[in-house]
Structures are given as C-alpha cells and as structure tokens.
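Engineer: structure for this input, please:
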Amino acid sequence: MLWMVQRVAFGVPAERTKPLLFDLNVREMVTLVPLALLVFWIGVYPGPIVTAMHQTVNKLVQRLAYEGLGARGEGHENERAFASGQELRGASMLSEAP
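Structural biologist: Below is the predicted model:
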C-alpha cells in the first residue's frame, strides 16, 4: 500500500535512486519487532491483560446497570442493591475470574 501511495504521490522513482530505497532500517526494525511480538503474544495468551481489566470491567458493568444503560435495561430494579453494595442482577456474568 505504501508503495502505491509513493507512486501516486511522487511518481516512478528514477533508476539512479532505486538502490537507495530500503523498506526498513535497523532502527525501525528494533521498534517494530517488539511491538509485533507483543501483539502476537496478547493474541495467543490474553489472560494477564484480561485479569488486570477484570475488576474495572465489573465496576463499569455495575455502574451501567445502576444508570439503566445495561443491555437488558435492568437499572431501576438494581438501585437498592447497588447502594447496599450487593451484587447486581445481570452484572454477575463477569464476577468470576476467567
């Protein structure tokens, strides 16, 4: 895609400049390889990230349920439970760690 943009924006490179054009230099590879490995690792083993987000997601689900913005519109029945610190109906699906 970048090759296409280069050709559209700048035209076909001159024959004398073709040997000077490289895809990635060492600095770019040093930046790109760890990022690519991190993305691959998160895709294969997402457990640590999901575990770290678990408590925050539970609180968000409870807050949305309290405000009546839950997927099933269960906010009004849960106001008293939220105020007393009890677990809300509809928010329990995230209460157990994966």
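Engineer: which residues of the chain score low on pLDDT?
Structural biologist: For the chain, applying pLDDT under 70 flags the ranges 68-98.
Engineer: send the alpha carbons of stretch 21-36 over as CSV?
Structural biologist: Extracted in CSV, the C-alpha atoms of stretch 21-36 (Å, rounded to 0.1, in the frame of the first residue of the first chain):
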residue,chain,number,x,y,z
LEU,A,21,15.3,2.9,-1.3
PHE,A,22,15.0,0.4,1.6
ASP,A,23,11.9,-1.0,3.3
LEU,A,24,13.1,-0.8,6.9
ASN,A,25,16.3,0.3,8.5
VAL,A,26,17.7,-1.2,11.8
ARG,A,27,16.1,1.4,14.0
GLU,A,28,12.6,0.8,12.5
MET,A,29,13.1,-3.0,12.9
VAL,A,30,14.1,-2.6,16.5
THR,A,31,10.9,-0.7,17.1
LEU,A,32,8.6,-2.9,15.0
VAL,A,33,9.7,-6.4,16.1
PRO,A,34,8.9,-6.0,19.9
LEU,A,35,5.6,-4.5,19.0
ALA,A,36,4.7,-7.3,16.6
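Engineer: where does R16 fall, helix, sheet strand or coil?
Structural biologist: The three-state label given to R16 by DSSP: H, G, I helix; E, B strand; the rest coil is coil.
Engineer: and it, backbone torsions?
Structural biologist: phi -70, psi -20 (degrees, to the nearest 10).
Engineer: give me the neighbour count for it.
Structural biologist: R16 has 7 neighbouring residues, counting by other Cβ atoms under 10 Å. Backbone N, C-alpha and C define where each C-beta goes, glycine included.
Engineer: same deal with R63?
Structural biologist: By other Cβ under 10 Å, 15 other residues sit near R63.
Engineer: if anything else comes up later, I'll come back, but that's it for now.
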